[in-house]
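pasting a predicted model and its sequence here:
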Amino acid sequence: MPELPEVEVTRRGFVDRIAGARIEAVRVGKPLRWALGVDPQTLVGRTVRTVRRRGKYLLVELDEGLLLMHLGMSGSLRFDAVLPAAGSHDHFDLLTSQGTLRLNDPRRFGAVVHVTDEGAPLAVKLLGGLGMEPLDDGFDFDAFHAGLRRRKTAIKQVLLAGDVVVGVGNIYASEALFLAGIRPTVAASRIGRPRALRLHAAVREILARAVEKGGSTLRDFSNIDGQRGYFQLEATVYGRAGEPCRVCATPIRQMRQGQRSTYFCPNCQKY
């Protein structure tokens, strides 16, 4: 599933190229998770101002309204002056004066939804419960630690929930917890200030490094130009069950938490 780094890599790949473009046509293919919400023809003639990101949502700002885009489990976006004819998994094309933005999603869990603004009921429903952005200056440590102290569930699950901090998906949660030296099963409420400081810094560092590497490609993800991400190739624990820890040589362990695989070093992450 594309997580924050993959979505941010996607955004950076086309935000400057589509800014100022005039929408010339809209093609809608097979139904996605949610309906577009407007007649596609009503978007023709509007101008794309910019593209922002909130959590795993891309917010395509128009001169009138807003498109919320989500890549779902297997989606990816392409943007180019010329794209081949739409295939069976190409479900949305935004044809503009500066190129075509296309959503490809084999499993169709992605979505493109039109709202009037971020105050619209659907936008509030989708975005209102999201936590702090870990790559922004507003990623406040005290608020982060307070959020952890209120949760008695395992820290790995709290990171994945997205209501304290957004975008720390399964790969990045395992990697950040290793970097911070925290066992994935420890209750979030038991993490004291010194360890929370390490985790706060680790979350930011891991996600920033993932963005630099183009995100992670385990199955379907590719960036706006069709290129794969490479962060998974330098993972310290994720996907390395039974292999020696890169720090202490202890075999990496794997377990299940909430139907997701968790990887950790039992020596480096004792508490």
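Thanks, I have the structure now.

so which helix or strand takes in residue 69?
Assigned by DSSP states H and E, residue 69 belongs to strand 66-70.

rounded mean pLDDT for that strand, please.
Across strand 66-70, pLDDT averages out at 97.

can you list the strands that that strand pairs with?
Strand pairing for strand 66-70, determined by DSSP bridges: strand 57-62 (antiparallel), strand 111-115 (antiparallel).

list the buried ones in that strand?
Residues of strand 66-70 classed as buried by neighbour count (16 or more other CB atoms under 10 Å): 66, 67, 68, 69, 70. Using the backbone N, CA and C atoms, a C-beta is placed for each residue, glycine as well.

got the phi and psi for residue 177?
Backbone torsions of residue 177, given as degrees, to the nearest 10, read phi -70, psi -40.

so residue 19 touches residue 49, yeah?
Yes - contact status for residue 19 versus residue 49: in contact at 6.8 Å, counting by CB atoms under 8 Å.

and the strands paired with strand 66-70 as JSON lines, adding mean pLDDT, mean neighbour count and distance to residue 172?
Output for the strands paired with strand 66-70, formatted as JSON lines (pLDDT from 0 to 100; neighbours: other CB atoms under 10 Å; distance: least, CB to CB, whole Å):
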{"stretch": "strand 57-62", "mean pLDDT": "98", "mean neighbour count": "19", "distance to residue 172": "17"}
{"stretch": "strand 111-115", "mean pLDDT": "97", "mean neighbour count": "22", "distance to residue 172": "23"}
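
out of these, the one nearest residue 139 is which?
Residue 139 lies closest to strand 57-62 among these, at 17.6 Å (CB to CB).

show me the contact partners of the closest one.
Strand 57-62 has contacts (CB atoms under 8 Å, 6 or more residues apart in numbering) with 7, 10-11, 18, 23, 43, 46-53, 66-70, 77, 94, 118, 126-127.

make it 10 Å
Contact with strand 57-62 is made by 7-8, 10-11, 14-15, 18-19, 23, 43, 46-53, 66-71, 77, 94, 101, 111-115, 117-118, 123, 126-127, 130, 166, as judged by CB atoms under 10 Å, 6 or more residues apart in numbering.

now do the helix or strand where residue 102 lies and strand 57-62, the angle between them.
Assessed by DSSP H and E, residue 102 sits inside strand 99-104. Here strand 99-104 runs at an angle of 150 degrees relative to strand 57-62 (axes from the mean of the first three to the mean of the last three CA atoms, to 10 degrees).

give me the below-cutoff pLDDT ranges for the stretch 1-150 of the chain.
1 (pLDDT under 70).

need the helices for it, in chain order.
Shown for the stretch 1-150 of the chain, the helices assigned by DSSP state H, counting those that start in this stretch span residues 4-18, 121-127, 141-149.

understood, closing this out.
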